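Enquirer: quick check, what structure comes out for this input:
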Amino acid sequence: MNVNEFDFELPERLIAQTPLADRTSSRLLTLNKTTGEIGHHLFTKLADLLHEGDTLILNDTRVMPARLLGVKSDTGAKVELLLLKQLSGDRWETLAKPGKRLRVGAQLSFGADGSGSPLLQAEIVDVGEQGARVVEFRYEGIFNELLDRLGEMPLPPYIKERLSDRERYQTVYAKHEGSAAAPTAGLHFTKPFLEQLERKGVQVGYITLHVGLGTFRPMSVDTIEEHTMHAEYYELSEETAAMLRSAKARNGRIVAVGTTSARTLETVAARFAYEELRACSGWTDIFIFPGYEFKLVNALLTNFHLPKSTLVMLVSALAGRSAIMQAYKEAVEREYRFFSFGDAMFIY
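Expert: Numbers count the residues shown, from 1 in each chain. Here you go, the predicted structure:
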């Protein structure tokens, strides 16, 4: 299947640059995956679309302030690192800019203490593809405290505005730090709205998937089948596993919040029969595109994604490519807000 089949025209003005003041005030496009019927609502309509007995699964990863701005120690040239994955100890996989100039052995410095010495130093110890670098950090003190002090939120490159409150790039239920990007479908929820759903009888469970390199890498192949996803770390608790077993046993509806939740659920579904689902963790590089048959996910809440992205392909696997392309066409015509801080879509 050709990647260009998932392309569409998107005016730049529709790319949301800042979050709305009220998380729940975004718009909601609904798509019935059986009939293709499209509806247009406010996000709070989700409370009517979810039913007693539904199981809502959210990704509780927390975004690290993973963007570090510094200099090459020898020349003073500006450099940028985006931390993607802790490999072992103080070794991290990163995206580096300018990648071509950062060869093995390059020394980097970040921040300065009162005497002018850097607070954090790094050495390039390995070179990967497309700007990827493995770095080893040197510092005194606690790394996470230094990162919180020196790091910035790693907003996607299509967001040009500076974020005044970095908690707005976190979900209200973010718990386990480790992501290089937010699971943005969850940004629409507030704690009162989640409590409203639970009072209605909707079960709310959590998984963890730390979003990594795959989020930032564009597809560089012509056909979908040639693409390889980057592995990301996930965890499923026994509490959520029991919730999923119960939902499947009673033929209840499992609703994934975001493509990260969907990919995690389908990863564990490939490991276990539903009645044997149990707590687990590991790395997933699952790539979901049309032709895939979902095993756990019945419905999906998601944002609007980039043209020709793996995420557009995932939602097309759930609802059908033609239905998704029609829904995106209407979203553009009605000027929905796109991407991380944009509006939401509910496929059911």
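Enquirer: contacts and neighbour counts: CA atoms only from here.
Expert: Fine.
Enquirer: residue 139 versus the closest residue to residue 62 other than its chain neighbours, what's the distance?
Expert: Leaving aside its chain neighbours, residue 62 sits nearest to residue 177 (4.2 Å; criterion: C-alpha to C-alpha, 6 or more residues apart in numbering). Residue 177 sits at a distance of 20 Å from residue 139 (criterion: C-alpha to C-alpha, to the nearest Å).
Enquirer: quick one on the thing from earlier: in its sheet, what does the helix or strand hosting the residue nearest to residue 62 sit against?
Expert: In the assignment (DSSP states H and E), residue 177 maps to strand 176-179. Strands that pair with strand 176-179, judged by DSSP bridges, come out as strand 61-63 (parallel).
Enquirer: can you give the distance from the partner strand to the centre of its chain?
Expert: 9 Å (C-alpha atoms, centre = their mean, to the nearest Å).
Enquirer: give the contact list for residue 343.
Expert: Counting by C-alpha atoms under 8 Å, 6 or more residues apart in numbering, residue 343 makes contact with 26, 27, 28, 303, 304, 336, 337.
Enquirer: give me the pLDDT for it.
Expert: We have a pLDDT of 98 for residue 343.
Enquirer: pLDDT at the nearest residue to residue 53 once chain neighbours are set aside, what is it?
Expert: Nearest in space to residue 53, with sequence neighbours left out and distances taken as C-alpha to C-alpha, 6+ apart, is residue 202 at 5.5 Å. In this model, residue 202 is scored at 98, pLDDT.
Enquirer: tell me the contacts of residue 202?
Expert: Going by C-alpha under 8 Å, 6+ apart, residue 202 touches 50, 51, 52, 53, 54, 55, 56.
Enquirer: would you mind checking these for buried ones?
Expert: Among these, those scoring as buried are 50, 51, 53, 54, 55, 56 (criterion: 16 or more other C-alpha atoms under 10 Å).
Enquirer: strands - which of these land there?
Expert: 55, 56 (DSSP state E).
Enquirer: is it possible to get TSV of the buried ones among the contacts of residue 202 that adds distance to residue 77 and pLDDT?
Expert: Converted to TSV, the buried ones among the contacts of residue 202 look like this (distance: C-alpha to C-alpha, whole Å; pLDDT from 0 to 100):
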residue	distance to residue 77	pLDDT
50	53	98
51	56	97
53	57	97
54	54	98
55	51	98
56	47	98
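Enquirer: could I get the buried ones among the contacts of residue 202 as a markdown table with distance to residue 258?
Expert: Formatted as a markdown table, those follow (distance: C-alpha to C-alpha, whole Å):
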| residue | distance to residue 258 |
| --- | --- |
| 50 | 15 |
| 51 | 19 |
| 53 | 20 |
| 54 | 16 |
| 55 | 14 |
| 56 | 11 |
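Enquirer: residue 261: which of the buried ones among the contacts of residue 202 is nearest?
Expert: residue 56 (9.9 Å; C-alpha to C-alpha).
Enquirer: where's the closest one relative to residue 270, distance?
Expert: 20 Å.
Enquirer: likewise for residue 67?
Expert: Counting by C-alpha to C-alpha, the gap from residue 67 to residue 270 is 34 Å.
Enquirer: pick out the residue closest to the middle of this protein.
Expert: For the chain, the residue nearest the mean C-alpha position is residue 183 (3.6 Å; C-alpha atoms, centre = their mean).
Enquirer: now do the phi/psi pair for that residue.
Expert: phi -80, psi 90 (degrees, to the nearest 10).
Enquirer: again with residue 184
Expert: phi -70, psi -20.
Enquirer: excluding its backbone neighbours, what's nearest it?
Expert: Leaving out its chain neighbours, the residue that sits closest to residue 184 by C-alpha to C-alpha, 6+ apart is residue 340, at 5.4 Å.
Enquirer: show me this protein divided up by domain.
Expert: For the chain, automatic domain parsing gives the domain ranges 3-63+165-347, 67-150.
Enquirer: straight-line length of the longest one, end to end?
Expert: Taking C-alpha to C-alpha as the measure, domain 3-63+165-347 stretches 22 Å from start to finish.
Enquirer: now do residue 327 against residue 305, distance only.
Expert: 12 Å.
Enquirer: under the pLDDT cut-off, which ranges of the protein? List them.
Expert: 213-218 (pLDDT under 70).
Enquirer: if you set the cut-off to 80 instead, what comes out?
Expert: Applying pLDDT under 80 to the chain flags the ranges 114, 129-131, 213-218.
Enquirer: so which residues of it form helices?
Expert: Assigned by DSSP state H, the helices in the chain fall at 46-49, 143-150, 191-200, 238-249, 259-271, 310-319, 321-333.
Enquirer: may I have the strands that pair with the lengthiest strand in the chain, each with its orientation?
Expert: Longest strand of the chain, by residue count under DSSP E: strand 78-88. With DSSP bridges as the test, strand 78-88 is paired with strand 67-72 (antiparallel), strand 91-97 (antiparallel).
Enquirer: now the longest one, how far from the chain's geometric center?
Expert: Mean C-alpha position of strand 91-97 versus that of the full chain (C-alpha atoms, centre = their mean) differs by 18 Å.
Enquirer: just the first one next, same as before
Expert: The offset between the C-alpha centroid of strand 67-72 and the centroid of the whole chain comes to 24 Å, using C-alpha atoms, centre = their mean.
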